[in-house]
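Colleague: build me a model from this:
(chains A and B)
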Amino acid sequence: MNDDNDNDILRRLGEAIEPRVPPLDPARAAAVRALAARTATDAQVTPIASRRSLLRLGVTAAGGIAAGAAGVFLVTRDNEPAGPPMEVATVRTADGVVASANLINHTWGTEVLLDVSGLEPGADYAMVLQGADGGEVSAGGFVGVDGEMKCRNNGALLRADLKGFAVTGPDGTEAVSAELS
Amino acid sequence: MTIEKRRTSVEELFKRAQSGSPEAWEELYVTTRPQLFRFARLRLATDDQADDAVSETIARAMAAAGRYRPGSGVVPWLVGICRNVVFETYRSGGRFHSVDPALFVEQASPSGDRGPAEHAVAEEEAGAVREAFGQLTEEDQEILALRVVVGLDAEAVAEVVGKRAGAVRMAQSRALVRLRGHLEEAT
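Modeller: All right, here's what the predicted structure looks like:
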């Protein structure tokens, strides 16, 4: 009897609280396949931040992942897990742009955590890491949106070799830049 | 498909994934997404956050596939990872809430074989159950959710929460007593 009662209330509970599952986003499934393909061929351990970035890229990730390219958070929520220590970067911005940036020094390169608003919605922006030797390494890009963006871009340039970074718009104008010591 | 056949299917899928098949990882994601999503959605504020948690779960599973111990069950292992992802989202300040009964009102839809009056009665009862569930502790909610929402048996729940199966059965039994108590208080 107790088992029957338990089963009955469990059934009622399941019916009452089970969340509706929305349809599968094919882009997410494709991103999983792309990440698995990259993981299978990449001998290095892929950091969690980059994995998350790849999964958020969705179709873009499935379409091809350039070496050292970025992943982008294109949302305005705070859901970053506690992680490694970050270095605050002092940034300069174009008129109308507000930004702050932190850097994470990884064994494989440098990650830039950029909070930015005031970019032109729909415009393509590119980030480059600037080396002490004068060279530049791509850290991927993102599309401007209304509101604040929280971007995480990665580039294959170690912090010790990094002189600065810059974000440029479609016309090559710098929207955000930083010089680092 | 029976539960046993489905479990075997997931285990076989995972073996293929472990051997490096991107297609198997994708299929594993598609197959396990409903269970993982339902678990994550109970704790996270939006569908998007829950789907992000599922994606992150699979990504971490890829990195940890070599450490998986056969026999414990792939789904409980994945749910355990998802549980950590959800907890980290909460700890980092992500929107997180105890189960809000109002969240599920939208999910009610008229059953084909129920009249409007019967549907209204059923929805009122479901609302009472959700209210009572919302009054349980988070530990009680989790134990019951893993059973009824994710569909895990006591052994699998034990694997997820790090307790013995006997302790899980006892905890579930006590949680149900408390749930009934809240329901009776409301009537």
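
Colleague: which secondary structure elements does the one helix or strand residue B:51 maps to sit against?
Modeller: Secondary-structure element containing residue B:51, defined by DSSP states H and E: helix B:47-64. Counting contacts by 3 or more CB pairs under 8 Å, 6 or more residues apart in numbering or on different chains; DSSP states H and E, helix B:47-64 is packed against helix A:26-41, helix A:48-57, helix B:22-41, helix B:74-91. Placement of C-beta: from N, CA and C, glycine included.

Colleague: so which bits of the longest one are buried?
Modeller: Translated: helix B:22-41. B:22, B:24-29, B:31-33, B:35-41 (16 or more other CB atoms under 10 Å in any protein chain shown).

Colleague: how far off centre is stretch A:168-175?
Modeller: 20 Å (CA atoms, centre = their mean, to the nearest Å).

Colleague: could I get it in CSV with only the CA atoms?
Modeller: What follows is stretch A:168-175, C-alpha atoms only, in CSV (Å, rounded to 0.1, in the frame of the first residue of the first chain):
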residue,chain,number,x,y,z
THR,A,168,38.5,47.4,-34.8
GLY,A,169,35.3,48.0,-36.7
PRO,A,170,34.5,47.3,-40.3
ASP,A,171,36.2,50.5,-41.5
GLY,A,172,39.4,49.7,-39.5
THR,A,173,38.7,52.3,-36.8
GLU,A,174,39.7,51.2,-33.3
ALA,A,175,36.7,50.9,-31.0
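
Colleague: with only the CA atoms kept, save the longest helix seen in chain B in PDB.
Modeller: Assignment by DSSP state H gives helix B:165-186 as the longest helix of chain B. What follows is helix B:165-186, C-alpha atoms only, in PDB (Å, rounded to 0.1, in the frame of the first residue of the first chain):
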ATOM      1  CA  ALA B 165      21.500   3.800  -2.500                       C
ATOM      2  CA  GLY B 166      19.900   2.900   0.900                       C
ATOM      3  CA  ALA B 167      20.400   6.400   2.100                       C
ATOM      4  CA  VAL B 168      18.800   7.800  -1.100                       C
ATOM      5  CA  ARG B 169      15.700   5.500  -0.700                       C
ATOM      6  CA  MET B 170      15.400   6.700   2.900                       C
ATOM      7  CA  ALA B 171      15.800  10.400   1.900                       C
ATOM      8  CA  GLN B 172      13.200  10.000  -0.800                       C
ATOM      9  CA  SER B 173      10.800   8.400   1.500                       C
ATOM     10  CA  ARG B 174      11.200  11.200   4.000                       C
ATOM     11  CA  ALA B 175      10.900  13.800   1.300                       C
ATOM     12  CA  LEU B 176       7.600  12.200   0.200                       C
ATOM     13  CA  VAL B 177       6.300  12.300   3.700                       C
ATOM     14  CA  ARG B 178       7.100  16.000   3.900                       C
ATOM     15  CA  LEU B 179       5.500  16.600   0.500                       C
ATOM     16  CA  ARG B 180       2.300  14.900   1.600                       C
ATOM     17  CA  GLY B 181       2.400  17.000   4.700                       C
ATOM     18  CA  HIS B 182       2.600  20.200   2.800                       C
ATOM     19  CA  LEU B 183      -0.200  19.100   0.500                       C
ATOM     20  CA  GLU B 184      -2.500  18.200   3.400                       C
ATOM     21  CA  GLU B 185      -1.800  21.600   5.000                       C
ATOM     22  CA  ALA B 186      -2.900  23.300   1.900                       C
END
